[in-house]
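Novice: Sharing a sequence plus its predicted fold:
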Amino acid sequence: MTDADPEFGYIFCAALSRAHLYIGGVALELEDADHPHAILFERDNGAWSRWSMEHRLAGIAAFTDAGIGKLLCVGETGDVEVADAEGADEERIGDDAGGPNTLRPLRCVRIVGHHAYAAGAQRQVYRRRLDAAGWQAVDQGCAIARGGADVGSFHAIDGRDEHLLLAVGMGGAIWRCAGGVWEALDSPSGAMLECVLFMGGERFLAAGAGGVLLSIDGSTVRQLAHEATEEAFVGGAVAFGAAYLCTDQGSLFRFEGDTLTRIDTGAAPVAGGGALAYADSLLVFVSDTRVQCFDGSSWTEHDPAA
């Protein structure tokens, strides 16, 4: 394969430390054939390895359990793998009666407090303790009942802890969960929201289509005006004391003090995909066929498929 004809596309990223990174992607030949799958790449102390999963990914998240680094791979239809150095255990979110499926796919996964959260179509939300298998629905009050006339989907979720969560998604929807009670917040924008980040206190930053940027503090939602971009924000991470946001066109921005600034990574933007992760003073930026890392002073490019 050449750079003009890549073998893999990169979609998600997660980080345990500077030395331990994960990238989630697809084999382009299988994707072109519409074959459900995922390719997972792991970088451990400079060496890359890979394995596959027979499901399309909703997202990945890295965490440590009893001192052991693990990767949570959540499939769109609720099939889950929890991988570590010893192998992978399979789990299932929901059941055939009402769980995720091809018509009700999951869209995102996030570590919040001592739990992993997965959310998606019909505003379904599930969580799992990091130290024990078993997923439970925690979406009473926000989920759309099967057969209901309402339409909605969560595309991103984050939280201060298990007692304060925010989920965003289709039609600019913003739902806040405080003390286990979900409430819909009035949104000033109908644009699709694809990213939400906890910023401290009760403040969150949400972003999405058309470059829309929202500040949410408690139950107050404020749209932030800027002229930096009209590209769709699709991923974000809090790093180096600021929020970083990436777009579906491969652009990267830093948000600090209500100011959005474009970041030059040293390489021309690559359209498609878009994800960010941060750990141990290292920011990981994935965009379609490129993986880059920033240590606070310089950017480096990595090739998981090498």
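Specialist: Received the coordinates, thanks. Numbering: from 1, shown residues only.
Novice: so what secondary structure elements neighbour the host helix or strand of Trp48?
Specialist: If you go by DSSP states H and E, Trp48 is part of strand 47-53. When contacts are defined as 3 or more C-beta pairs under 8 Å, 6 or more residues apart in numbering; DSSP states H and E, strand 47-53 packs onto strand 38-44. C-betas here are computed from N, CA, C, even on glycine.
Novice: Glu301 is in contact with Ala267, correct?
Specialist: Yes - using C-beta atoms under 8 Å, Ala267 is in contact with Glu301, at 6.7 Å.
Novice: all strands in the stretch 201-306 of the chain, in order from the N-terminus.
Specialist: Per DSSP state E, counting those that start in this stretch, the stretch 201-306 of the chain has strands spanning 203-208, 213-217, 220-223, 233-239, 242-247, 252-256, 259-262, 275-279, 282-287, 290-294, 299-302. These are given in chain order.
Novice: Turn those strands into JSON lines, columns for mean pLDDT, distance to Leu16 and mean neighbour count.
Specialist: Formatted as JSON lines, the strands of the stretch 201-306 of the chain follow (pLDDT from 0 to 100; distance: least, C-beta to C-beta, whole Å; neighbours: other C-beta atoms under 10 Å):
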{"stretch": "strand 203-208", "mean pLDDT": "98", "distance to Leu16": "24", "mean neighbour count": "24"}
{"stretch": "strand 213-217", "mean pLDDT": "98", "distance to Leu16": "29", "mean neighbour count": "20"}
{"stretch": "strand 220-223", "mean pLDDT": "97", "distance to Leu16": "33", "mean neighbour count": "14"}
{"stretch": "strand 233-239", "mean pLDDT": "98", "distance to Leu16": "14", "mean neighbour count": "24"}
{"stretch": "strand 242-247", "mean pLDDT": "98", "distance to Leu16": "19", "mean neighbour count": "23"}
{"stretch": "strand 252-256", "mean pLDDT": "98", "distance to Leu16": "22", "mean neighbour count": "20"}
{"stretch": "strand 259-262", "mean pLDDT": "96", "distance to Leu16": "28", "mean neighbour count": "14"}
{"stretch": "strand 275-279", "mean pLDDT": "98", "distance to Leu16": "6", "mean neighbour count": "22"}
{"stretch": "strand 282-287", "mean pLDDT": "97", "distance to Leu16": "10", "mean neighbour count": "24"}
{"stretch": "strand 290-294", "mean pLDDT": "97", "distance to Leu16": "14", "mean neighbour count": "21"}
{"stretch": "strand 299-302", "mean pLDDT": "97", "distance to Leu16": "15", "mean neighbour count": "14"}
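Novice: of all these, which lies closest to Asp84?
Specialist: Closest approach to Asp84 among those (C-beta to C-beta): strand 275-279, 16.5 Å.
Novice: Please save the CA atoms from that closest one in CSV.
Specialist: Taking Å, rounded to 0.1, in the frame of the first residue of the first chain, the C-alpha atoms of strand 275-279 are listed here in CSV:
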residue,chain,number,x,y,z
ALA,A,275,-10.9,12.0,17.6
LEU,A,276,-8.7,13.2,20.5
ALA,A,277,-7.5,11.6,23.8
TYR,A,278,-5.2,12.9,26.6
ALA,A,279,-3.2,11.2,29.3
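Novice: Parallel or antiparallel, list what pairs with it.
Specialist: strand 282-287 (antiparallel) (DSSP bridges).
Novice: and the partner strand, how far out from the chain's middle?
Specialist: 12 Å (C-alpha atoms, centre = their mean, to the nearest Å).
Novice: Can you name the next helix or strand after the strand holding Trp48?
Specialist: strand 57-65.
Novice: what does that next one contact?
Specialist: Residues outside strand 57-65 that contact it (C-beta atoms under 8 Å, 6 or more residues apart in numbering): 11-16, 20, 22, 24, 38, 40, 69-76, 105-111, 116, 118, 120, 130-131, 277, 279.
Novice: Same question for stretch 30-41.
Specialist: The contact list for stretch 30-41, computed with C-beta under 8 Å, 6+ apart, reads 8-9, 22-27, 48-57, 60, 71, 73, 75, 83, 304-305.
Novice: rerun at 7 Å
Specialist: For stretch 30-41, contacts defined as C-beta atoms under 7 Å, 6 or more residues apart in numbering pick out 8-9, 22-27, 48, 50-57, 73, 304.
Novice: Would you list the buried entries among these?
Specialist: Buried residues within those, counting neighbours by 16 or more other C-beta atoms under 10 Å: 8-9, 22-27, 48, 53, 55-57, 73, 304.
Novice: Pick the one among the residues you listed closest to His155.
Specialist: Here the nearest of those to His155, counting by C-beta to C-beta, is Leu57; it sits at 13.9 Å.
Novice: before we move on, the earlier item: mind putting the strands of the stretch 201-306 of the chain into a markdown table with distance to Gly87?
Specialist: Formatted as a markdown table, these follow (distance: least, C-beta to C-beta, whole Å):
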| stretch | distance to Gly87 |
| --- | --- |
| strand 203-208 | 36 |
| strand 213-217 | 40 |
| strand 220-223 | 44 |
| strand 233-239 | 28 |
| strand 242-247 | 32 |
| strand 252-256 | 35 |
| strand 259-262 | 42 |
| strand 275-279 | 23 |
| strand 282-287 | 24 |
| strand 290-294 | 24 |
| strand 299-302 | 25 |
